[in-house]
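Visitor: Need coordinates for the following:
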Amino acid sequence: MRNPLKLRKNKSFDYTPRYYKGEGNPFKIEHRLDKFRTTAHSNKGLKNKFTSAMDDLQNEGDKNLKLRFWVIVAVLVLVFLFIIDFDLSIFLNP
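Guide: Sure, this is the predicted structure:
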């Protein structure tokens, strides 16, 4: 009886193309920036994926990433409030 929570592994075959003269496996599909990402590798489990993503966020990237993120969020909130015709005068003192 199969376990419904486990994924099956795909079958692999030892086939090499006749005229292939490159390095590595010609059938391996990989993005060219995957070698720089730590989250692109196969981490098993939700906790491992989440911790590796948080490590990427804290260790690498732009220095002004947090500031840029909060500016974008603030602009999107203001655009949303403008679209729904929210009255911002309730935050001002009369």
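Visitor: Report the separation between residue 5 and residue 52.
Guide: 22 Å (CB to CB, to the nearest Å). For the C-beta atoms, the positions are set from N, CA and C on the backbone; glycine is no exception.
Visitor: Who has more neighbours out of these two?
Guide: Neighbour comparison, residue 5 and residue 52: the larger count goes to residue 52, with 16 against 5 (by other CB atoms under 10 Å).
Visitor: Packing partners of the helix or strand of the chain with the lowest mean pLDDT?
Guide: Ranked by mean pLDDT, DSSP states H and E, the helix or strand of the chain with the weakest confidence is helix 46-59, at a mean of 76. Applying 3 or more CB pairs under 8 Å, 6 or more residues apart in numbering; DSSP states H and E, we find helix 46-59 packed against no helix or strand.
Visitor: Give me the buried positions along that helix.
Guide: residue 52 (16 or more other CB atoms under 10 Å).
Visitor: again with stretch 86-94
Guide: Buried, per 16+ other CB under 10 Å, within stretch 86-94: nothing.
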